[in-house]
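> dropping the sequence and predicted coords here.
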Amino acid sequence: MRILLSLYGGIAYATYRLLKRRTSLTKNTVVKPLLNLQSKKHWPTGEKIKITDDGTYTANITKVAGNTFGDYANRNCAAFLIPELKDDKRPNISVYIDGLLVGHLTNRHTLSFYSILQHAKLLFSTTSCNAHIGEGGTGLDGKKLPYLITLDINWF
């Protein structure tokens with residue numbers, strides 16, 4: 001009887017893990033990493049800027065945070081900023097850490113960053129800056145808390 005109960009429990013647990021993994025992969029888009037990114041300019045430290053993530057890059061952020069489930073992230077690293085144009089010809093700045101896309105600059109920061117890139121003759125060039133990944137962990141209710149990525153850029 002105990003063996004049968006253990007078998008049913010094992011099958012239920014395996015099914016749960018499989019379904020959980022399948023739904024997490026469909027919710028979070030994992031982008032292939034861009035390896036060997038070269039920066040034309042590394043921005044000096046200055047203003048702390050948060051990047052936006054609509055939940056699309058949560059899997060990538062979890063990978064680059066490098067912490068285990070339930071722990072808070074506290075990692076300093078380099079971020080690469082890649083300017084591009086969206087389909088509607090609006091500028092967009094993608095942020096990559098460890099070759100993985102983790103988000104974008106806000107619209108307000110994107111416009112000012114584009115003007116600085118034009119002035120520095122670095123338009124459509126990859127630049128880099130210092131970044132900090134923090135927060136995360138598990139809340140009191142058992143839910144995972146979001147990560148906070150801040151970029152340290154002095155472009156003024």
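Great, that's in hand.
> show me where pLDDT drops low in this protein?
4-5, 7-10, 12, 14-33, 35, 68-70, 156 (pLDDT under 70).
> now do the longest strand along it: distance to the chain's middle.
When the chain is parsed with DSSP state E, its longest strand is strand 72-85. Chain-centre distance of strand 72-85: 7 Å, with CA atoms, centre = their mean, to the nearest Å.
> tell me the centre residue of the protein?
Taking CA atoms, centre = their mean, the centroid of the chain lies closest to residue 102, which sits 2.4 Å from it.
> quick check, that one in contact with residue 60.
Yes. Under the contact definition of CB atoms under 8 Å, residue 102 touches residue 60, with a separation of 5.3 Å. All C-beta atoms are positioned from the backbone trio N, CA, C, and that covers glycine.
> all strands of this structure, in order?
Under DSSP E, the chain gives strands at 41-42, 47-50, 72-85, 91-97, 100-104, 127-136, 147-153.
> got a list of contacts for the fourth one?
For strand 91-97, the surrounding residues in contact (CB atoms under 8 Å, 6 or more residues apart in numbering) are 34, 37, 51, 64, 77-86, 101-105, 109-111, 113-114, 131, 133, 149, 151.
> buried set for it?
Using 16 or more other CB atoms under 10 Å as the test for burial, strand 91-97 gives 91, 93-97.
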